[in-house]
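**Q** sequence isn't available, so here's the structure alone:
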């Protein structure tokens, strides 16, 4: 198996093509970002609205580089024991119970408390060794033999404490476990942090990362994405779908439809054997791309206008 | 190229993006990797590693276009001017002599080599430390410095020498050179102006902002409102980031016995994990009462703007405005964005003289039951009651119920209690009374409120 940094990209263009052959269409900005991140071994912070392919970017990168993807989903209250490692208390307890009988052998006729202590101290570390360690995603990522892509998803959902804790990992790629010492990454993982911007991340964290903002794609790019993802859809309908979605993104909606949603919609239309958009069809399937009642009502009002414009193009 | 890049960092910094030394090192590495061949990729690279938010990305893109533009020395203009000059020159039929002097600048000018001219200008500009330009008053001197570095003095004496001679061809040459010199001057001046626009962006802005922060809120003119909104947002953001962090404080030393027992049940009651009691810090709940009679309307405007920008760190804000009776305006704030809401309120209700007495009676009737020991009441007004009954007993009730009553008065302390001001009558029933004039004072007061709520918990 190849190591993470054995694959060498010659240019930004090459990355773009690689991504495309893995069904992920990206603009030069994204490709440049991956190029720099891979060459300088820097973490990437990806921001943008939900459903524009932030998580997908990390997955595809892992696929291209041929290394495993280690994923850490963040949530409020996530702490070290869930992210890094935990001692298997149960196993430790069980073993002490089981080994109780062996205690006599270990002590081997030691007399008095102090002698027994000296004998015991030689064995103490057994219970805090790797056998009793429950590795969590971050620990796993550092231990990967060939390197990996580490995806820290929705970092904005985590607490400030966790964010501070990440700083050491992201700059040194090492963590200190009191009982075992410092664990260093065998090969620095390629890190992607994604954020939906529900809260501002600290400057210290941002400073360590490349900052990539993925926005909704423009019309041309979105058409190419749909072509790749739903190739069975006719060219005409693809054009209409993209134009329609682009138009409603301009509206002031609670949640604008993302790329993921336009793909879903395209699949839905394919299933319904639609040839063209029309008002009735749009009305029936609008709930695929819009997730709020108010939004659906707002778009329904102007649906006819949008369809007309979509067809005119 | 490194120098160019560093100058660019300077431009970006002056546009308000924070670029640390570490940032610039990392960015230089990245740029070295991608190279300068592709303008688009270079731009992306800089945006990726320097800008940390979307706003910063936009600023950076602007800076990039401005900085890496090469539209100085339009060649056509140079040719036209020199041609025009030779046409006007006294002996038009006389062709100008070949220039045989040693002066590099004269040669470049006559060859009309735009690229070389630009190069020489940029070199001179660097020697003259153009990147230190901050204020528009430095324009003249910087232009002069660059011209001098490019060899203006030598050129002048060369022209004088040529013009003083008898040969008409040489005189024509002198005329040509003079025109070229004029052209050069304009171009350099233009260049300096561009540089000023890039490097001096924040300097003049900062001066303006610090002036606005200190000036009386009632004196701020309408055209500065946009800037004020920005300032308030910035201040509010800072306050929220300071106060949003400590929502929960662990109280080490007090064992949370119940939780510890429950969590350790899996280990047979052996206490592997110990939990301490923690205190949740309440976000302050605020009831804002704002006088919007014409004399204090502008103060209320900024207080409200500030309060609503702080909504992250506040539990809830109830706002009522009054002139002679209390009007609940929460629904307006729910329906419109803050700025619009404030406009609408002062437009709809901001008439008439203030009557604090009847306002307080309204408060007693409709609101007092909502005020509890978590509520901070902020009253903004000058307490000028137009000689009506002050109804201090309602203030007393409010004082007893609320966590804190804070009165912000735009008037100077010395005027409290003079004329129809009832400030001294209300004073015993307020926890804090502050004179509140400028946006700086407002920031300090709100900071105190947030701090106090963290300490009390």
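**A** Yes, it's here. Nothing here was measured: the structure is a model prediction, and the numbers come from that model.
**Q** ok and the residue in the stretch 101-250 of chain A nearest chain B?
**A** Closest approach between the stretch 101-250 of chain A and chain B, counting by Cβ to the nearest Cβ: residue A:206, at 4.3 Å. Backbone N, C-alpha and C define where each C-beta goes, glycine included.
**Q** quick check: next helix or strand after the lowest-mean-pLDDT helix or strand in chain B?
**A** The weakest-scoring helix or strand in chain B, judged by mean pLDDT, DSSP states H and E, is helix B:75-88 (a mean of 51). Counting by DSSP states H and E, the next helix or strand C-terminal to helix B:75-88 is helix B:104-111.
**Q** what's that following helix packed up against?
**A** helix B:114-127, helix B:152-164, helix B:168-199 (3 or more Cβ pairs under 8 Å, 6 or more residues apart in numbering or on different chains; DSSP states H and E).
**Q** wait, which of these is closest to chain A?
**A** Across the helices and strands packed on helix B:104-111, closest to chain A is helix B:168-199 (Cβ to the nearest Cβ), at 22.5 Å.
**Q** list the buried residues of the helix or strand just after the closest one.
**A** Remark: after helix B:168-199, the chain's next helix or strand is helix B:201-214, criterion DSSP H and E. Buried residues in helix B:201-214, counted by 16 or more other Cβ atoms under 10 Å in any protein chain shown: B:201, B:209, B:212, B:213.
**Q** what of stretch A:110-123?
**A** Across stretch A:110-123, burial judged by 16+ other Cβ under 10 Å covers residue A:116.
**Q** low-scoring stretches of chain A, by residue?
**A** With pLDDT under 70 as the threshold, chain A has low-confidence stretches at A:1, A:124.
**Q** which residues of it lie near chain B?
**A** Counting by Cβ under 8 Å from any Cβ of the partner chain, chain A comes close to chain B at A:12, A:28-29, A:32-33, A:35-36, A:39-40, A:42, A:47, A:89-90, A:93, A:160, A:200, A:203, A:206-207, A:210-213.
**Q** mind running it again at 7 Å?
**A** Counting by Cβ under 7 Å from any Cβ of the partner chain, the residues of chain A close to chain B are A:12, A:28-29, A:32-33, A:36, A:39-40, A:89, A:93, A:160, A:206-207, A:210-213.
**Q** now these: which count as buried?
**A** A:12, A:28-29, A:32-33, A:36, A:89, A:93, A:206-207, A:210-213.
**Q** Throw those into a markdown table and include secondary structure, thanks.
**A** Shown next, in a markdown table, are those (DSSP: H, G, I helix; E, B strand; the rest coil):
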| residue | secondary structure |
| --- | --- |
| A:12 | helix |
| A:28 | helix |
| A:29 | helix |
| A:32 | helix |
| A:33 | helix |
| A:36 | helix |
| A:89 | helix |
| A:93 | helix |
| A:206 | helix |
| A:207 | helix |
| A:210 | strand |
| A:211 | strand |
| A:212 | strand |
| A:213 | strand |
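**Q** farthest-separated two in these?
**A** A:28 and A:93 (56.1 Å; Cβ to Cβ).
**Q** just checking, what packs against the helix or strand that contains residue A:246?
**A** Assigned by DSSP H and E, residue A:246 belongs to helix A:235-249. Packed against helix A:235-249 by the contact rule (3 or more Cβ pairs under 7 Å, 6 or more residues apart in numbering or on different chains; DSSP states H and E) you find helix A:219-229, helix A:259-271, helix A:293-312.
**Q** surely the residue of the stretch 101-250 of chain A closest to chain B and residue B:51 touch.
**A** No - counting by Cβ atoms under 7 Å, residue A:206 stays clear of residue B:51, with 9.7 Å between them.
**Q** now do stretch A:213-224: distance from first to last residue.
**A** Criterion Cα to Cα, to the nearest Å; first-to-last residue distance in stretch A:213-224 is 20 Å.
**Q** can you tell me the SS state at residue B:30?
**A** helix.
**Q** might you report the residue contacts of it?
**A** Neighbour list for residue B:30: A:36, A:40, B:45, B:49 [criterion: Cβ atoms under 7 Å, 6 or more residues apart in numbering or on different chains].
**Q** at 10 Å what do you get?
**A** A:32-33, A:35-37, A:39-40, A:42, A:210, B:42, B:45-46, B:48-50 (Cβ atoms under 10 Å, 6 or more residues apart in numbering or on different chains).
**Q** low-confidence regions, the stretch 51-200 of chain B specifically.
**A** Those would be B:70-98, B:100, if you go by pLDDT under 70 across the stretch 51-200 of chain B.
**Q** which single residue in it comes nearest to chain A?
**A** residue B:52 (4.3 Å).
**Q** now that residue. Its backbone dihedrals?
**A** Residue B:52 adopts backbone torsions of phi -110, psi -10, taken as degrees, to the nearest 10.
**Q** so it touches residue B:23, yeah?
**A** Yes - Residue B:52 is within contact range of residue B:23, at 9.0 Å (criterion: Cβ atoms under 10 Å).
**Q** show me where the stretch 51-200 of chain A has helices.
**A** Taking DSSP state H, counting those that start in this stretch as the test, the helices found in the stretch 51-200 of chain A are A:54-65, A:80-83, A:89-98, A:103-107, A:112-121, A:137-143, A:160-172.
**Q** buried ones in the third one, by neighbour count?
**A** Using 16+ other Cβ under 10 Å as the burial criterion, the residues of helix A:89-98 that qualify are A:89, A:92, A:93.
**Q** and the fourth one, by the same measure?
**A** The neighbour-count check on helix A:103-107 (16+ other Cβ under 10 Å) flags nothing as buried.
**Q** can you name the residues in contact with that helix?
**A** A:96, A:99, A:115, A:116, A:117, A:119, A:120, A:122, A:123.
**Q** mind picking the two most distant members of the residues you listed?
**A** A:96 and A:115, at 20.7 Å, using Cβ to Cβ across the contacts of helix A:103-107.
**Q** for residue 144, the count of nearby residues, please.
**A** No chain in the question, so chain A it is. 19 (other Cβ atoms under 10 Å in any protein chain shown).
**Q** if you could check chain B rather than the one you did, that'd help
**A** Around residue B:144 there are 16 residues (other Cβ under 10 Å).
**Q** and if you look at residue B:390?
**A** Residue B:390: 19 surrounding residues under other Cβ under 10 Å.
**Q** name the SS class of it, please.
**A** Strictly by three-state DSSP, residue B:390 counts as coil.
**Q** contacts only, for it.
**A** B:355, B:356, B:357, B:360, B:383, B:420, B:422, B:423, B:425, B:426 are the contacts of residue B:390 under Cβ under 10 Å, 6+ apart.
**Q** of the residues you listed, buried ones?
**A** B:355, B:356, B:357, B:360, B:383, B:422, B:423, B:425, B:426.
**Q** biggest separation within these, which pair?
**A** B:355 and B:423 (15.2 Å).
**Q** pull up the residues of the stretch 51-200 of chain B that are close to chain A.
**A** Counting by Cβ under 10 Å from any Cβ of the partner chain, the residues of the stretch 51-200 of chain B close to chain A are B:51, B:52, B:53, B:54, B:56, B:57.
**Q** mind giving me the ChimeraX command for buried ones among these?
**A** In ChimeraX, this line selects whichever of those come out buried by 16+ other Cβ under 10 Å:
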select /B:51,52,53,56,57
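**Q** Throw the residues of the stretch 51-200 of chain B next to chain A into CSV and include distance to residue B:172, thanks.
**A** Converted to CSV, those look like this (distance: Cβ to Cβ, whole Å):
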residue, distance to residue B:172
B:51, 54
B:52, 59
B:53, 59
B:54, 58
B:56, 55
B:57, 54
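**Q** tell me which of the residues of the stretch 51-200 of chain B next to chain A fall in strands.
**A** Using DSSP state E, no member of those falls within strands.
**Q** the residues of the stretch 51-200 of chain B next to chain A in helices, which ones?
**A** If you go by DSSP state H, those have B:54, B:56, B:57 in helices.
**Q** which residues does the last one contact?
**A** Neighbouring residues of residue B:57 by Cβ under 10 Å, 6+ apart: A:29, A:211, A:212, A:213, B:17, B:46, B:47, B:48, B:50, B:51.
**Q** which strand residues bridge the third one?
**A** Just to be clear, that refers to residue A:212. residue A:46 (DSSP bridges).
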